[in-house]
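K.L.:
sequence first, predicted model second:
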Amino acid sequence: MNLASLFDLSFVGRRDSVALEFEDRTFTFGEIDERSNRVARLFAERGLRVGDRLCVYLANSVEMIDVYLACVKLGVIFVPINILYRDREMAHILRDAEPSAVVSDADFECPVPIWRPAELSTEAASLPPDRPAVGAALDGDAPAGIIYTSGTTGASKGAVLTHHNFAANALNLLTCWQISSADRLLLGLPLFHVHALGNGLHCWLISGCRMRLLARFEHPKAAATFLDFRPTLFFGVPTIYVRLLAIPEDVAREIGAFMRLFVSGSAPLAAQVLEEFRARFGHTILERYGMSETLMNISNPYVGERRPGSVGLPLPGVSVKLVEGELYLKGPNVFPGYWRREEATRSAFVDGWFRTGDIAERSADGYYTLCGRRSDLIISAGFNIYPREIEEFLQEQEEVAEAAVVGVPDRVRGEVPVAYVVLKSAVDCAVLAERCRSKLASFKAPREFVVVERLPRNAMGKVQKHLLPS
């Protein structure tokens with residue numbers, strides 16, 4: 001069974017039910033089904049076939065959902081690109097994925113055609129609304145998406161996620177978090193990220209609940225949005241929950257009265273934020289643990305203790321073990337490997353177990369608590385930042401001899417990158433900062449630059465970041 005079959009629970013079974021709200025527009029499941037069928041037909045006319053890749057560089061929109069569902073129905077591999085990425089980062093993904101085209105509103109140098117979403121919608125509107133036939137039956141082991149996630153070496157790798165990976169993940173969450181057609185999901189996370197795509201979109205489509213999609217989460221408007229839509233279900237990252245603590249107490253209580261479940265992921269949630277949120281909204285945030293390569297692995301229980309600082313218990317079908325403190329995983333949610341990276345795939349697995357790189361502890365009653373990374377990964381507002389990529393860019397600057405980037409705690413974003421640089425010639429740090437902002441995603445730009453005479457190294461020449469001045 002592939003994802004389209006599961007989505008038919010709503011496309012066919014709840015065809016006339018309201019499915020989606022977006023910017024004052026409302027769509028039924030039948031309308032969402034027919035829109036994506038027409039786009040799928042258009043893609044087929046333009047030559048897309050099973051296994052082809054289609055990169056998508058878009059902000060949240062109905063058109064992005066149309067494109068994703070069209071890919072699912074055709075067996076085309078959906079490759080979302082973070083809209084904060086700049087030319088340098090995008091060029092690597094385009095070279096590596098070798099897509100047939102890119103769907104985007106933006107203008108940039110591209111080796112393949114750029115298809116504009118508005119033009120796709122206009123052209124597709126004249127096509128038949130029934131689902132196009134796929135030449136061969138689409139197996140559940142077929143790739144559905146490639147999610148690019150940087151490695152500790154700085155090389156961005158594409159994690160291949162299958163129809164089965166996405167399905168196993170969504171069915172687990174529907175069961176364990178008791179998501180049903182009676183829910184109302186408010187989704188403000190970006191669909192280019194696996195959090196919104198793998199959890200939000202799939203849980204919505206399979207459960208048949210009503211979803212309001214936001215173009216982006218805007219904390220000044222958050223209270224009004226909650227009160228207007230009156231959701232029961234909300235997926236967020238720790239940064240969002242910190243922002244929500246600014247909502248006045250009486251409004252927070254009103255929101256808490258109609259909410260059923262707040263979920264947090266993509267970065268560690270501070271126990272203090274969980275406690276403050278519980279006092280203000282009357283809800284204990286459910287924290288869980290996932291990765292781009294595995295979707296959801298571990299979750300605090302819906303019914304039971306949601307333990308502050310812990311990510312909870314393994315989800316059904318997910319096996320977890322600790323090897324020298326490192327989390328190893330096995331289950332139907334775990335990806336088969338990296339796109340065209342056989343060596344990286346081999347090194348990521350040991351006897352069928354996926355090595356996460358995360359260090360954790362397990363309590364006597366089975367709760368897992370994350371302690372950090374084997375690598376020096378920085379997680380800022382839910383986005384992964386690998387210092388090596390920033391360091392390499394800084395060392396390309398003619399004034400910089402060496403660079404080391406570390407994460408420092410930040411109440412709102414969790415962590416932010418700080419760069420330590422050894423200079424070859426004088427340069428204003430503000431100039432380096434501006435270069436980073438122009439060439440890298442904004443969340444990767446170091447928040448501070450510290451000039452040092454040398455970087456501390458061990459006998460093997462490896463930089464000892466823990467010895468950098470604080």
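P.N.:
That came in fine, so what should we check first? Numbers count the residues shown, from 1 in each chain.

K.L.:
mind jotting down where the strands sit in the stretch 51-200 of the chain?
P.N.:
53-57, 77-80, 101-104, 114-115, 143-150, 156-162, 184-187 (DSSP state E, counting those that start in this stretch).

K.L.:
the third one packs against which elements?
P.N.:
Packing contacts for strand 101-104, counted by 3 or more C-beta pairs under 8 Å, 6 or more residues apart in numbering; DSSP states H and E, involve strand 53-57, strand 114-115, helix 117-124. In short, each C-beta sits where N, CA and C put it, glycine included.

K.L.:
of these, which is nearest E326?
P.N.:
strand 53-57 (31.7 Å; C-beta to C-beta).

K.L.:
which residues touch that closest one?
P.N.:
By C-beta atoms under 8 Å, 6 or more residues apart in numbering, the list of residues contacting strand 53-57 from outside reads 43, 48, 64, 67-68, 71, 76-81, 83, 85, 90, 93-94, 97-104, 106, 146, 192.

K.L.:
and the gap between the nearest residue in space to V237 that is not next to it in sequence and H195?
P.N.:
Setting aside the residues directly before and after it, V237 is nearest to G382 in space (C-beta to C-beta, 6 or more residues apart in numbering), at 3.6 Å. Counting by C-beta to C-beta, to the nearest Å, the gap from G382 to H195 is 7 Å.

K.L.:
same check on T149?
P.N.:
For T149, the distance to H195 equals 12 Å [C-beta to C-beta].

K.L.:
which of those two has more residues huddled nearby?
P.N.:
Neighbour totals were compared for T149 and H195, and H195 leads with 22 against 15 (other C-beta atoms under 10 Å).

K.L.:
hmm, back to that, shared neighbours of G382 and H195, anything?
P.N.:
Common neighbours of G382 and H195, counting by C-beta under 8 Å, 6+ apart, are L189, V237, G265, S266.

K.L.:
so which of the residues you listed would you say is closest to N169?
P.N.:
Nearest to N169 among the shared contacts of G382 and H195 is G265, at 12.1 Å by C-beta to C-beta.

K.L.:
how near is the closest one to R184?
P.N.:
20 Å.

K.L.:
low pLDDT regions in this structure?
P.N.:
Segments of the chain classed as low confidence (criterion: pLDDT under 70) are 135-136, 150-155, 458-462.

K.L.:
same for the top helix by length along it, what does it pack against?
P.N.:
The residue-count maximum for a helix in the chain (DSSP state H) belongs to helix 29-45. Packing partners of helix 29-45 (3+ C-beta pairs under 8 Å, 6+ apart): helix 3-11, strand 18-22, helix 62-74, helix 117-124.

K.L.:
what about the helices in the stretch 351-470 of the chain?
P.N.:
Using DSSP state H, counting those that start in this stretch, the helices of the stretch 351-470 of the chain run over 387-395, 429-439.

K.L.:
please identify the buried residues of the first one?
P.N.:
Right, the one you point to is helix 387-395. P387, R388, E389, I390, E391, F393, L394 (16 or more other C-beta atoms under 10 Å).

K.L.:
next one: the longest one
P.N.:
Judged by neighbour count using 16+ other C-beta under 10 Å, the buried positions of helix 429-439 are L432, A433, R435, C436.

K.L.:
now those residues as CSV including distance to Y328?
P.N.:
Formatted as CSV, the buried residues of helix 429-439 follow (distance: C-beta to C-beta, whole Å):
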residue, distance to Y328
L432, 39
A433, 39
R435, 40
C436, 35
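
K.L.:
can you tell me which of those lies nearest to V406?
P.N.:
C436 (15.1 Å).

K.L.:
so what's the nearest residue to that closest one once chain neighbours are set aside up against?
P.N.:
Using C-beta to C-beta, 6+ apart and skipping the chain neighbours, the partner closest in space to C436 is A445 (4.1 Å). A445 makes contact with P417, A433, C436, R437 under the criterion C-beta under 8 Å, 6+ apart.

K.L.:
now do the strands in the stretch 251-400 of the chain.
P.N.:
For the stretch 251-400 of the chain, applying DSSP E, counting those that start in this stretch gives strands covering 261-264, 286-291, 295-299, 313-314, 319-323, 326-330, 337-338, 349-350, 353-362, 368-373, 378-380, 383-385, 400-410.

K.L.:
deepest-packed of the ones you listed, please.
P.N.:
When you average the neighbours per residue for each of the strands of the stretch 251-400 of the chain (mean count of other C-beta atoms under 10 Å), strand 295-299 leads with a mean of 26.

K.L.:
how much does it deviate in direction from strand 319-323?
P.N.:
With axes from the mean of the first three to the mean of the last three C-alpha atoms, to 10 degrees as the basis, strand 295-299 and strand 319-323 are set at 80 degrees to each other.

K.L.:
helices or strands up against strand 295-299?
P.N.:
helix 163-176, strand 286-291, strand 313-314.

K.L.:
quick one on the thing from earlier: looking at G265 and R184, which one has more neighbours?
P.N.:
More neighbours surround G265 than the other of G265 and R184, with 23 against 18 (other C-beta under 10 Å).

K.L.:
for that one, which non-adjacent residue is closest in space?
P.N.:
In space, and not counting its chain neighbours, G265 is closest to R288: 5.1 Å by C-beta to C-beta, 6+ apart.

K.L.:
the one you found pairs with what?
P.N.:
R288 has these beta-bridge partners by DSSP bridges: S299.

K.L.:
again with V408
P.N.:
V416.

K.L.:
how near is it to E293?
P.N.:
26 Å.

K.L.:
burial measure for A106, as a count.
P.N.:
Burial of A106 is recorded as 14 neighbouring residues (other C-beta under 10 Å).

K.L.:
quick check: nearest residue in space to it, chain neighbours excluded?
P.N.:
Nearest to A106 is Y57, by C-beta to C-beta, 6+ apart, at 6.1 Å.

K.L.:
likewise for P80?
P.N.:
Residue nearest to P80 in three dimensions, not counting chain neighbours: F192, with 3.9 Å by C-beta to C-beta, 6+ apart.

K.L.:
so that neighbour touches V79, yeah?
P.N.:
No. Under the criterion of C-beta atoms under 8 Å, F192 is not in contact with V79, lying 9.7 Å apart.

K.L.:
which one's more surrounded, those two?
P.N.:
Neighbour totals were compared for F192 and V79, and V79 leads with 26 against 22 (other C-beta under 10 Å).

K.L.:
and L227, what is it in contact with?
P.N.:
For L227, the contact set (C-beta under 8 Å, 6+ apart) comprises V251, E254, I255.

K.L.:
tell me the secondary structure at it.
P.N.:
The local conformation at L227, judged by DSSP: H, G, I helix; E, B strand; the rest coil, is helix.

K.L.:
list the contacts for G145?
P.N.:
With C-beta under 8 Å, 6+ apart, G145 has these contacts: I77, F78, V79, P80, V160, L161, F166, L197.
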